[in-house]
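A.B. asks: take a look and give me a structure for this.
(one chain, ligands or ions: 1)
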Amino acid sequence: MTAVFQDPIFQDETKAREALEAARWPNGVVCPHCGGVDKIAKVEGKKQSHRPGLFYCGMCSSQFTVTVGTVFERSKVPLTKWWMAAHLFNQGKNGVSAHEIHRTIGVTYKTAWFMMHRLREAMGSAEGLEPMGGAGHTVQADETYYGNSSKRAKHYRKGHSHKSGVIALVNPKTGEARAFAVNKATSKVVTEILRKNVDRKTTLVTDESPLYRKAGYKKHQKVFHTIKEYVNKEGFTTNNVENFFGNFKRGMKGTYRFCGEQHLQRYLNEFAFRYNNRSGLGITDGERTALAMKGIEGKRLTYRPTN
Ligand SMILES: [Zn+2]
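C.D. replies: Sure thing, here's the model as predicted:
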């Protein structure tokens with residue numbers, strides 16, 4: 001095992017469970033059945049029902065562990081390996097391939113793939129979040145196209161272009177990014193995303209594309225890329241959102257090669273998660289890893305995993 005796995009959470013199942021408890025319950029244990037916090041006791045001893053990390057809730061008379069009803073419990077993969085996978089996922093900017101997880105932590109490729117998708121889901125999406133920005137804030141918006149344009153792919157797809165649109169929003173002040181996979185970046189699609197995600201009082205910064213006009217932001221700054229303008233007269237740029245796209249494209253090329261359109265949003269969520277929790281904002285690799293683990297734990301199962 002490499003040096004990166006020296007922390008006890010990668011070695012010892014009890015330590016791994018305790019770390020998950022700490023991530024999930026930073027202010028003390030909460031009963032997942034009734035939300036109670038007052039009458040919770042550790043269950044210890046050799047009873048038949050005893051499992052490590054078992055708690056009893058006196059409010060609703062039920063027992064639970066930190067993993068009950070979660071992907072962690074059903075997957076049968078030890079928590080130490082989940083921590084390793086989450087750690088590898090959150091090192092650097094580019095993510096990690098299923099093949100590398102498979103080789104490095106010693107699970108089957110299929111299990112590695114399953115774990116990665118759960119991690120990606122755990123990293124969350126922009127769905128249901130409060131709008132970004134507001135008075136005194138800028139949000140940079142831009143669109144790009146992403147997809148496999150290699151000759152081979154074109155050959156198999158009989159010349160159809162299979163690029164998906166991506167729209168990204170970055171608030172340079174808070175460092176927050178959101179990214180959306182769309183079939184095609186039309187004015188209608190862009191308008192809908194902006195109105196849901198960007199406060200009306202925000203200064204919107206885009207290039208000269210007419211796509212952003214219809215959304216009707218009163219404070220709209222444009223940077224004219226067609227005339228090689230990168231900072232406009234008022235001092236606004238779209239550099240941050242372009243950097244986000246740069247990270248995304250480099251990461252996809254280097255680590256994931258290509259993902260099917262049906263997975264694009266998950267990968268965007270993954271890159272947005274790392275961007276939003278990046279070291280430049282004072283967040284350590286360990287903290288980012290714990291956030292991802294906490295996120296997985298929070299996902300209740302809606303289907304049966306195959307592992
Ligand atoms: Zn309870």
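A.B. asks: going by residue numbers, what spans are strands in the chain?
C.D. replies: Taking DSSP state E, the strands of the chain run over residues 40-42, 55-57, 62-64, 138-146, 164-171, 176-182, 203-207, 220-223.
A.B. asks: just the buried residues of the first one, please?
C.D. replies: Buried residues in strand 40-42, counting neighbours by 16 or more other CB atoms under 10 Å, are found at I40. For every residue, glycine as well, the C-beta is placed using N, CA and C.
A.B. asks: can you give the strand pairings for it, parallel or anti for each?
C.D. replies: Sheet pairing of strand 40-42 (DSSP bridges) gives strand 55-57 (antiparallel).
A.B. asks: so the partner strand, near the ion or not?
C.D. replies: Yes - for strand 55-57, a contact with the ion is found by CB under 5 Å from the ion, at C57.
A.B. asks: what's next to that strand, contact-wise?
C.D. replies: Residues from elsewhere that reach strand 55-57 (CB atoms under 8 Å, 6 or more residues apart in numbering): 29, 31, 33-34, 36, 39-43, 62-65.
A.B. asks: with stretch 23-41 instead?
C.D. replies: With contact meaning CB under 8 Å, 6+ apart, stretch 23-41 is reached by 21, 55-60, 62, 64, 66, 68-69, 290-291, 293-294, 297-298.
A.B. asks: and that stretch, end to end?
C.D. replies: 19 Å (CA to CA, to the nearest Å).
A.B. asks: how far off centre is that stretch?
C.D. replies: On the basis of CA atoms, centre = their mean, to the nearest Å, stretch 23-41 is displaced by 25 Å from the centre of the chain it belongs to.
A.B. asks: buried sites along that stretch?
C.D. replies: Of the residues in stretch 23-41, those buried under the neighbour-count criterion (16+ other CB under 10 Å) are A23, R24, V29, V30, C31, P32, G36, I40.
A.B. asks: distance of the second one relative to Q11?
C.D. replies: When distance is defined by CB to CB, to the nearest Å, R24 is 21 Å away from Q11.
A.B. asks: same thing with the first one?
C.D. replies: Remark: distance between A23 and Q11 (CB to CB) = 18 Å.
A.B. asks: picking that back up, can you tell me which of the contacts of strand 55-57 are up against the ion?
C.D. replies: Counting by CB under 5 Å from the ion, the members of the contacts of strand 55-57 that reach the ion are C31, H33, C34, G36.
A.B. asks: got a markdown table for those residues, with pLDDT too?
C.D. replies: Rendered in a markdown table, the data for those read as follows (pLDDT from 0 to 100):
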| residue | pLDDT |
| --- | --- |
| C31 | 92 |
| H33 | 89 |
| C34 | 91 |
| G36 | 91 |
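A.B. asks: before we move on, back to that, of all the contacts of strand 55-57, which comes closest to V182?
C.D. replies: Closest approach to V182 among the contacts of strand 55-57 (CB to CB): H33, at 39.5 Å.
A.B. asks: and the strands of the chain as CSV, adding mean pLDDT and distance to H263?
C.D. replies: Compiled in CSV, those are given as follows (pLDDT from 0 to 100; distance: least, CB to CB, whole Å):
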stretch, mean pLDDT, distance to H263
strand 40-42, 94, 39
strand 55-57, 95, 36
strand 62-64, 93, 33
strand 138-146, 95, 12
strand 164-171, 96, 10
strand 176-182, 96, 9
strand 203-207, 97, 27
strand 220-223, 96, 32
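A.B. asks: which of the buried residues of stretch 23-41 sits closest to F273?
C.D. replies: Proximity of the buried residues of stretch 23-41 to F273 was ranked by CB to CB; the top entry is A23 with 15.1 Å.
A.B. asks: show me the contacts for the residue nearest in space to the middle of the chain.
C.D. replies: Here the mean C-alpha position of the chain is nearest to the C-alpha of M123 (CA atoms, centre = their mean), at a distance of 2.9 Å. Shown here is M123, whose contacts under the criterion CB under 8 Å, 6+ apart are N269, E270, A272, F273, R274, A292, G295.
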